[in-house]
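Any chance you could fold what I've pasted below:
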Amino acid sequence: MDAHRHSAEEVCEEGLALYARALSGHLVPEAEAEAVPCLVTTGLLLPSLDTPGRLRPLPPALALPRLLRTIAREIAERRQRETRLTESFAPLLALAEHPQPTADPAGFALLDGLDRIDDAITQAMLGSCDEILTVQPGGKRPVSSLALALPKEQEMLSRGGRMRTLYQHTTRHDPAVLAHYEQLAGDVEVRTLDEVPDRLIVLDRTIAFIPANPERTMAVEIRHRPTVAHLATTFDRLWRLAVPMYPEATQQPSYDGVTPRQRAIAALLVEGHTDAVVADRLGMNIRTAREHISKLAAALGSDSRAQLGYLIGRSGILDREE
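Numbers count the residues shown, from 1 in each chain. Predicted coordinates:
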């Protein structure tokens, strides 16, 4: 038992191994589960109604959101304790002869580390109630990321807020993203574009978060009103150009056998971009990008990359109105 001294809300490696065996169809004797009590305390193993003395596994699709909600709740509680401690020290700080400002006077704060970024966003969302605008570049979002965001987004929507999210067109083929938004109750809309700027979160048009490095392990929290207003206005203009995806999807029309995706690729090809750059700009892997380029070449009757650029220009497909 000494090897299993950890938080009641954590699951150890031995527990995960036993949980995996239970998922394969084996009911777990209660006596065996006593060696790894974390499975019962976290609800991963539940009493079997049909077989007394045995435990059945909670499906992973339900178990993961439950564990993530627990983590999110702990983070929110820590932030609340931090706020109370800050308020308690406020009178003491006022006694200092030369007090230091507690926030960047310019309205910009650098957040270093994923935990600190997530904490800051969670705290900002707890204080927001009107609107959340987000830009999510890339073709797909990890299921774990979607599950962690779900309770925070639903809490804000439950307070009467609304949510608008921009993805790239490649996301329209990701069932996990669509399933995520179908679980939310409230004023939610999702639209897509061929290309979007880097990740962006705007809350109540007063606070914004943007990445501070390519790895997104650092972020900038912005409370500078003119800058936040500029980011929100940019989002609004991109939103008007975007294609609805949820709750009601709108399909883009094809022209002369050329799909909207192929038109977007064609525009980047005539600018001289490589396959890798095309894939990155449009949020797809390079293999998919090359498949679309091959289909575009076939549609235009091109036998070479050089000829393809010429045929794109002569075809007039980039002059079509959306």
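
for the record, mean pLDDT for the longest helix seen in the chain?
Longest among the helix segments of the chain by residue count, using DSSP state H, is helix 60-94. Mean pLDDT, computed over helix 60-94, is 82.

helices or strands next to that helix in the packing?
When contacts are defined as 3 or more CB pairs under 8 Å, 6 or more residues apart in numbering; DSSP states H and E, helix 60-94 sits against helix 114-126, helix 143-158. (Glycine included, C-beta is placed from N, CA and C.)

out of these, nearest to Ile317?
helix 143-158 (35.1 Å; CB to CB).

hmm, back to that, and the helices and strands packed on helix 60-94 as TSV, adding mean pLDDT?
Formatted as TSV, those follow (pLDDT from 0 to 100):
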stretch	mean pLDDT
helix 114-126	92
helix 143-158	89
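
Can I get those helices in CSV including mean neighbour count?
Shown next, in CSV, are the helices and strands packed on helix 60-94 (neighbours: other CB atoms under 10 Å):
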stretch, mean neighbour count
helix 114-126, 17
helix 143-158, 18
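
got these as a markdown table, with distance to Glu82 columns?
As requested, the helices and strands packed on helix 60-94 are exported to a markdown table (distance: least, CB to CB, whole Å):
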| stretch | distance to Glu82 |
| --- | --- |
| helix 114-126 | 8 |
| helix 143-158 | 17 |
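
Which among the ones you listed is found nearest to Ala232?
Closest among the helices and strands packed on helix 60-94, once you apply CB to CB, is helix 114-126, at 14.5 Å.

Domain map for this structure?
Using automatic domain parsing, the domain ranges for the chain come out as 2-58, 64-92+101-246, 260-319.

picking that back up, which is the next helix or strand following the longest helix of the chain?
strand 108-112 (DSSP states H and E).

low-confidence ranges in the stretch 101-250 of the chain?
Applying pLDDT under 70 to the stretch 101-250 of the chain flags residues 101-105, 139.

try 80 this time
101-106, 138-140, 249-250 (pLDDT under 80).

the strands in it, which residues?
Under the criterion DSSP state E, counting those that start in this stretch, the stretch 101-250 of the chain contains strands at 108-112, 131-136, 162-168, 187-193, 200-203, 207-211, 218-222, 243-246.

Other residues contacting the first one?
Just to be clear, that refers to strand 108-112. Outside strand 108-112, the residues that touch it by CB atoms under 8 Å, 6 or more residues apart in numbering are 103, 117, 120, 209, 212, 217-224, 227.

PyMOL command for the buried members of those residues?
Under the burial definition 16 or more other CB atoms under 10 Å, those of these that qualify are selected in PyMOL by:
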select buried, resi 117+120+209+212+218+219+221+222+223+227
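
Could you report the neighbour count for the nearest residue to Pro57 once chain neighbours are set aside?
In this structure, Pro57 finds its nearest non-sequential neighbour in Ala22, 3.9 Å apart by CB to CB, 6 or more residues apart in numbering. Ala22 has 20 neighbours, counted by other CB atoms under 10 Å.

I'd like the numbering to begin with 14 instead of 1 from here.
I'll keep to 14 as the first residue from here, and by that count the last item is Ala35.

in what helix or strand does Ala35 lie?
Taking DSSP H and E as the definition, Ala35 sits inside helix 26-36.

Hey, what's the angle from that helix to helix 73-107? Just curious.
Between helix 26-36 and helix 73-107, the angle comes out at 150 degrees (axes from the mean of the first three to the mean of the last three CA atoms, to 10 degrees).
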